[in-house]
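Novice: My questions concern the predicted model and sequence given below.
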Amino acid sequence: MQITGVWLPIITPFKDNKLDYQSYKRLIDHYSDKGISGFIPLGTTGECPTLSDFEFEDMIEKTMEYNNRRLPVYVGVGGNCTAQVIKKVKIAEYYDIKGILSVCPYYNRPGQEGIYGHFKSIAEETPLDIVMYNIPYRTGVNMENETIYKLSEIKNIVGLKDCCGNIKQTAELLMNPPEDFSILTGEDLLFFLTLTMGGHGGILSSSHLKTEMFVEVYNKIKENDLESALKIWKPLYDFIPLLFKEPNPAPVKYCLEELSLIDSDEVRLPLTQISDQLKEKLDCILL
Ligand SMILES: O=C(O)C1=N[C@H](C(=O)O)C[C@H](O)C1
C-alpha cells in the first residue's frame, strides 16, 4: 500500500525542559481532523537528537495513547550505528505503529555499500515498514538513486523521504519510480513540484500551520485540478521560507505558542528560540 498525502512530523513540546504532555495531547487532537494522513513523531522536527532513551519511548507511548488509532503513525528511528538503531526499532516495535522513518547514517559518512547494508540489516530485523530519509545536507552522505532502487526491492522498505537537495536526482527518481514504493518530499518548498511529477506526498514541518491548505493542494493535484492547486499553493510558497529562516522547529514552535496550541515555544540546546526580527515577520502571517 502506498504512503500518500500530507504527513505531520509532529514537534515535541517542552515545558521547563520536560516533555509537555498536555500540549502534546492538544496538538494530536487538533491535527487529527485536519485531513493529514498520519503522524511522524521523533523526526528532526521532533528534536529527536535531544531526547533521552526514556523520553524516546515515552513519546511513542503518548502518541499512541492520545492518537487512539485515529491515524497511522511512523516513528523516527535513525542513527549512525546500525546495531543501536536495531535496538531502538525493537523498542518501537512494541507499540502498534505502522513503521519507522529512518535517516541515512550521519557523520561517519558510509559509502553506498554501507548505506545499503545499514538499511538492509534493519529491514531484516523488523516486520515494520521502513521509510528511508535521504538528507545529505544534514547527514554528509547522499544515498544515490541506484542504492534506492536496490533497497526498494526489499519487501518492508516501502518508501523514501527525499531531501536530496539535487532536483536532477529527485526528478530522475520520480520519472522512474521503483515499483510499490512511495516517494515523499521533506523539502517543504518542493511539495507542489514533487506531486506534479508523480510523488506521493510530503512530510512537512510547515504543515503544522495552515494544515488544511497543504491537504487541499494535495487533493486538488490528485484531482488533476492544477489551477486550483496552484492558487492555494502560492501563498504557502511565500510563507514556508519564513519557517526555515532559523533552525527548524523553533519558528514553528513560536507560531504554535502564539496560536495557543502549545504552552511554550521552548527548544532544547543546541537549538535556540527565534530572534525578535523573525517573530515580527511571523506575527504578520499569523494575523
Ligand atoms: O522532521 C522532519 O521529518 C522534517 N525535517 C526537515 C528538516 O528539519 O530539515 C523538514 C521537513 O519539513 C520535515
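Specialist: Yes, it's here.
Novice: Helix, strand, or coil at residue 158?
Specialist: With DSSP: H, G, I helix; E, B strand; the rest coil as the basis, residue 158 sits in strand.
Novice: ok, now residue 178?
Specialist: Per three-state DSSP, residue 178 ends up coil.
Novice: May I have the phi/psi pair for the spatially closest residue to residue 112 that is not a sequence neighbour?
Specialist: Take residue 112 and drop its neighbours on the chain: the residue closest to it by CB to CB, 6 or more residues apart in numbering is residue 147, 4.8 Å away. C-beta: built from backbone N, CA, C; applies to glycine. The phi and psi values for residue 147, taken as degrees, to the nearest 10, are phi -70, psi -40.
Novice: contacting residues for residue 147?
Specialist: Residue 147 makes contacts with 112, 115-116, as judged by CB atoms under 8 Å, 6 or more residues apart in numbering.
Novice: tally of neighbours for the residue nearest to residue 28 when sequence neighbours are not counted?
Specialist: Leaving aside its sequence neighbours, residue 28 sits nearest to residue 66 (CB to CB, 6+ apart; 4.2 Å). Number of residues near residue 66 (other CB atoms under 10 Å) recorded here: 17.
Novice: Kindly report the same for residue 218.
Specialist: Residues near residue 218, counting by other CB under 10 Å: 25.
Novice: Just the helices from the stretch 151-287 of the chain, written as ranges.
Specialist: 167-175, 191-196, 211-222, 226-243, 250-258, 276-286 (DSSP state H, counting those that start in this stretch).
Novice: between those, which one is nearest to residue 22?
Specialist: With respect to residue 22, and counting by CB to CB, the nearest of the helices of the stretch 151-287 of the chain is helix 250-258 at 13.3 Å.
Novice: average pLDDT for that closest one?
Specialist: Mean per-residue pLDDT for helix 250-258: 98.
Novice: With stretch 226-238 instead?
Specialist: 97.
Novice: Give me the buried positions along it.
Specialist: Buried residues in stretch 226-238, counted by 16 or more other CB atoms under 10 Å: 229, 232-233, 236.
Novice: ok, which of those residues also contact the ligand?
Specialist: Applying CB under 6 Å from any ligand atom, the subset of the buried residues of stretch 226-238 adjacent to the ligand is empty.
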